[in-house]
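> below is the structure, and that's it, no one-letter string:
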């Protein structure tokens, strides 16, 4: 399974970065291969200062070895070996009318001292963070997520949509990071789903990413915008930073377990502002966004 | 003691904001009075888009009531009443040649059910974060800190200078946030220092702040700079954000105990950049700064 999934994310990375380069039309991904001293490594691909993408990364990694101490406590296991691989992506478009998107698909294995798998699971999801809200975009993104989920279980979309709203939440601001999508974790073999079934589900979601995001970026990338709208985007990107650095378990985990810092923090937006006590004008598009983020909505 | 210290920080806030407005010559502090539903409140003063100060805050607060659950666990005490007050300031100058400065002085009391003080202590410090390193500035700042300390004990400067280097450290980057200064906490009555002695020490440091920072900002505020130098400043400000959101106990504490978010996050810089895997040119001023931040230095 681990080889099959790693092969899958390698191919998916190629597919996604090729498509995004085509859309951008100017910048290309810079590739960094890196090795983890304790075992494994990754292939980081970052795009910067494009026509469309101001900054973004589409990264894969596959790491293995002794489970770090901090993770032993987290997973409540002893001194075991592990393998983990995944694809993580974040795209920050230049145009404030175009939303930031984040996605991640990952697989984890732990072994006993004979090398037998004692536990394994999939996790991941994809979610959208607009600066200006286009209902059409939100509906398309969620509909694509739902269609992928529904092929595997009617319960997946409502369950993982709700988890996404709960997880990507800036508690200190009382608002969601964005308008959600899917978030799932610890997807393990059970009565109805084998690991093979989970593989099929997770790769279905992975395959749906371009379908979910490309029509949106195509529609918004060339819309006109003002400097005020750009400022608003940069202020909202500040909230994105706050979520990733204060609340996101994946980011904090990476920072505290000696991960590759630049691959972890590629998720942070390129230009960001913090303005003291900023409030959008009543009735404005900016205020409409915030109100939507304060109360998770059914999009499909 | 609590009334005396609160009176002190009120006066100090007035003194500091008046002086900074004079230096800025354009922007003035915007004052927000706020109340904490559970008891107490504060006076937040923020300056933005000045000639000299791009963003800054000089805030005082005095809060009291039942110690929040999260703090009970932290201080390893039961369901007690508390009082806490302090002055916190952060100044982000516009000119990249001028350093960001941070300072904080605070006093804490806890009470038994008869209202008797069961514990009390002072804490605080001040530290400097340059974007371009002028040895003259670092020496002046540290010398002023040392002079204030030496009036109270010859051990204070070396001890609190070291704690500052250790505390304001971006472990995930293996570098200090800045070039340090002083950091002290849990200053309680002991064989050699009464609470009155600690009050005299902490207010001595508070009184030294303008002396430590004003000559530096005066020297640097009008130096010429390039867009590249400005970009470097914004990239380094990203490290400042990383420290405050990932490592700073005060910030995280405020965010997790329902503090006044805008007063807590006024510390974040106005314009910030994250560039993937940025490395300054070998031999450049930018590289010189990073090398200094990687290894705490004796400045006096």
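Yes, it's here. What you see is a predicted model; the values in this text were computed from it and never measured. Residues are numbered from 1 along each chain as shown, chains lettered A, B, ... in the order given.
> please count neighbours and contacts with C-alpha atoms only from this point.
Noted.
> can you pull the contacts of residue A:66?
By C-alpha atoms under 8 Å, 6 or more residues apart in numbering or on different chains, the contact list for residue A:66 reads A:38, A:79, A:80, A:81, A:82.
> hang on, the first one packs against residue A:67?
The one in question is residue A:38. No. Assessed by C-alpha atoms under 8 Å, residue A:38 is found out of contact with residue A:67, at 10.0 Å.
> the more surrounded of the two?
Each of residue A:38 and residue A:67 had its neighbours counted (other C-alpha atoms under 10 Å in any protein chain shown), and the higher figure belongs to residue A:67 (20 against 12).
> pLDDT at that one, what is it?
Per-residue confidence (pLDDT) for residue A:67: 89.
> please apply the same query to residue A:249.
So, for residue A:249, pLDDT stands at 85.
> burial of it, as a residue count?
By other C-alpha under 10 Å, the burial measure for residue A:249, its neighbour count, is 13.
> same check, this time on the one 5 residues further on
A count of nearby residues for residue A:254, using other C-alpha under 10 Å, gives 16.
> assign a three-state SS to it, would you?
Under the three-state scheme (DSSP: H, G, I helix; E, B strand; the rest coil), the conformation of residue A:254 reads as helix.
> phi, psi for the nearest residue to it once chain neighbours are set aside please.
Nearest residue to residue A:254, sequence neighbours excluded (C-alpha to C-alpha, 6 or more residues apart in numbering or on different chains): residue A:264, at 6.7 Å. Note on residue A:264: backbone dihedrals following degrees, to the nearest 10 are phi -70, psi -50.
> got it, and the one 5 residues further on?
Comment: the main-chain dihedrals of residue A:269 come out as phi -70, psi 160, following degrees, to the nearest 10.
> wait, isn't it in contact with residue B:272?
No. The criterion here is C-alpha under 8 Å, and residue A:269 misses it with residue B:272 at 9.3 Å.
> quick one, strands of the stretch 151-300 of chain A?
Per DSSP state E, counting those that start in this stretch, the stretch 151-300 of chain A carries strands over the ranges A:169-170, A:175-176, A:180-187, A:271-273.
> so can I have TSV of these showing mean neighbour count, distance to chain B and mean pLDDT?
Rendered in TSV, the data for those read as follows (neighbours: other C-alpha atoms under 10 Å in any protein chain shown; distance: least, C-alpha to the nearest C-alpha, whole Å; pLDDT from 0 to 100):
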stretch	mean neighbour count	distance to chain B	mean pLDDT
strand A:169-170	21	10	96
strand A:175-176	22	13	96
strand A:180-187	22	23	97
strand A:271-273	23	5	98
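> for residue A:10, find the nearest of those strands.
With C-alpha to C-alpha as the criterion, residue A:10 lies closest to strand A:180-187 of those, at 20.7 Å.
> sheet partners, orientation included, of that closest one?
Listed by DSSP bridges, the sheet partners of strand A:180-187 and their directions read strand A:117-129 (antiparallel).
> run the angle between the helix or strand just after the strand it pairs with and strand A:180-187 for me.
On the C-terminal side of strand A:117-129, the nearest following helix or strand under DSSP states H and E is helix A:135-150. Angle of helix A:135-150 versus strand A:180-187, following axes from the mean of the first three to the mean of the last three C-alpha atoms, to 10 degrees, is 20 degrees.
> how about helix A:135-150: buried residues?
Of the residues in helix A:135-150, A:137, A:138, A:140, A:141, A:142, A:143, A:144, A:145, A:146, A:148, A:149 count as buried by neighbour count, 16 or more other C-alpha atoms under 10 Å in any protein chain shown.
> check stretch A:110-119 too.
Of the residues in stretch A:110-119, those buried by neighbour count under the rule 16+ other C-alpha under 10 Å are A:110, A:111.
> endpoints of that stretch, how far apart?
Start to finish, the residues bounding stretch A:110-119 are 5 Å apart (C-alpha to C-alpha, to the nearest Å).
> list the buried residues of stretch A:209-219.
For stretch A:209-219, the buried set under the neighbour-count rule, 16+ other C-alpha under 10 Å, comprises A:209, A:210, A:212, A:213, A:216, A:217.
> report the contact partners of the residue nearest to the fourth one when sequence neighbours are not counted.
Here the nearest residue to residue A:213 in space, its sequence neighbours aside, is residue A:141; by C-alpha to C-alpha, 6+ apart that works out to 6.8 Å. In this structure, residue A:141 makes contact with A:128, A:181, A:212, A:213, judged by C-alpha under 8 Å, 6+ apart.
> can you give me the strands for the stretch 1-150 of chain A?
A:30-35, A:40-48, A:53-66, A:81-93, A:100-111, A:117-129.
> so which of those strands is nearest residue B:238?
Ranked by C-alpha to C-alpha, the member of these that lies closest to residue B:238 is strand A:53-66, at 15.2 Å.
> which parts of chain A sit against chain B?
Among all residues of chain A, those adjacent to chain B (criterion: C-alpha under 8 Å from any C-alpha of the partner chain) are A:46, A:172-173, A:242, A:245-246, A:252, A:255-256, A:258, A:261-262, A:265-266, A:268-277.
> those, buried ones only, as a PyMOL selection?
Only the buried members of the residues of chain A next to chain B enter the following PyMOL selection, criterion being 16+ other C-alpha under 10 Å:
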select buried, chain A and resi 46+172+173+242+245+246+252+255+265+266+268+269+270+271+272+273+274+275+276
